[in-house]
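1. okay, predicted coordinates and the sequence, questions at the end:
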Amino acid sequence: MSTDKQWIGQQQGFTLIEVMFALFIFLVIALGLAAGEISALRAQTDNLLRDQALKLAEDQLNNLRSQRFTLDGGEAPALNATGAWTPPDEQTVTMRGGVVNFTRRVQITDIAASATALKRIDVVIGWNQGNNPPLQPTNRNHQTLLSTIIARSEKGRL
């Protein structure tokens, strides 16, 4: 019994190995949490940029859908089908204190149909993020594409 009391009296704290092992475990946990936070921030930034690109593409599609496109050929010049991508249209957007440059391109193609004349409208928005290689047709390393098909309306009606 006296030996137990004597041993307790000699114990004055943790050994150096115990402290180092506890610090190592803490370091591994902290690095894991930091990596998870960085991954979440990167995903949030990706989503914000993609959301902004989709808004720009939707605005362009809505603008083109509102153009006159009739059977008598009196359509707006914006709806002339070339089958090729338009020249890049650069747009600068301020997001959360930073500036992002988006590139917008449009392609309008006539679709042959027996009963109704149709046009396919493709709008692609590209932006740079990271060090990935550029993609065509925007020559940016990230892009999103929206497409729609519109039919000609009768004369005098949209």
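-> Arrived safely, thanks for sending.
2. quick check: next helix or strand after the longest strand seen in the chain?
-> Taking DSSP state E as the criterion, the chain has its longest strand at strand 98-111. The first helix or strand that comes after strand 98-111 along the chain, using DSSP states H and E, is strand 118-127.
3. other SSEs contacting the following helix or strand past that next one?
-> Using DSSP H and E, the helix or strand that follows strand 118-127 in sequence is strand 142-151. Secondary-structure packing of strand 142-151 (3 or more C-beta pairs under 8 Å, 6 or more residues apart in numbering; DSSP states H and E): helix 16-65, strand 118-127. For every residue, glycine as well, the C-beta is placed using N, CA and C.
4. helices or strands up against the longest one?
-> Where contact means 3+ C-beta pairs under 8 Å, 6+ apart, helix 16-65 is packed against strand 89-95, strand 98-111, strand 118-127, strand 142-151.
5. picking up where we left off before, give me whichever of the helices and strands packed on strand 142-151 is most buried.
-> Mean neighbour count (mean count of other C-beta atoms under 10 Å) peaks for strand 118-127 among the helices and strands packed on strand 142-151, with a mean of 20.
6. so which elements touch it?
-> Using 3+ C-beta pairs under 8 Å, 6+ apart, strand 118-127 is in contact with helix 16-65, strand 98-111, strand 142-151.
7. residue 80 is nearest to which of the ones you listed?
-> strand 98-111 (7.0 Å; C-beta to C-beta).
8. quick check: buried residues in that closest one?
-> Of all the residues in strand 98-111, those buried under the rule 16 or more other C-beta atoms under 10 Å are 100, 102-108.
9. including distance to residue 17 and pLDDT, could those go into CSV?
-> Output for these, formatted as CSV (distance: C-beta to C-beta, whole Å; pLDDT from 0 to 100):
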residue, distance to residue 17, pLDDT
100, 51, 90
102, 56, 94
103, 58, 94
104, 62, 94
105, 63, 94
106, 67, 93
107, 67, 92
108, 72, 89
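10. thinking again about what came up before, do you know which of the helices and strands packed on strand 118-127 lies nearest residue 92?
-> When the helices and strands packed on strand 118-127 are ranked by proximity to residue 92 (C-beta to C-beta), strand 98-111 comes first, at 5.4 Å.
11. could you check how far that closest one is from the centre of its chain?
-> 14 Å (C-alpha atoms, centre = their mean, to the nearest Å).
12. what's the angle from it to strand 89-95?
-> 140 degrees (axes from the mean of the first three to the mean of the last three C-alpha atoms, to 10 degrees).
13. this completes my enquiry, with thanks.
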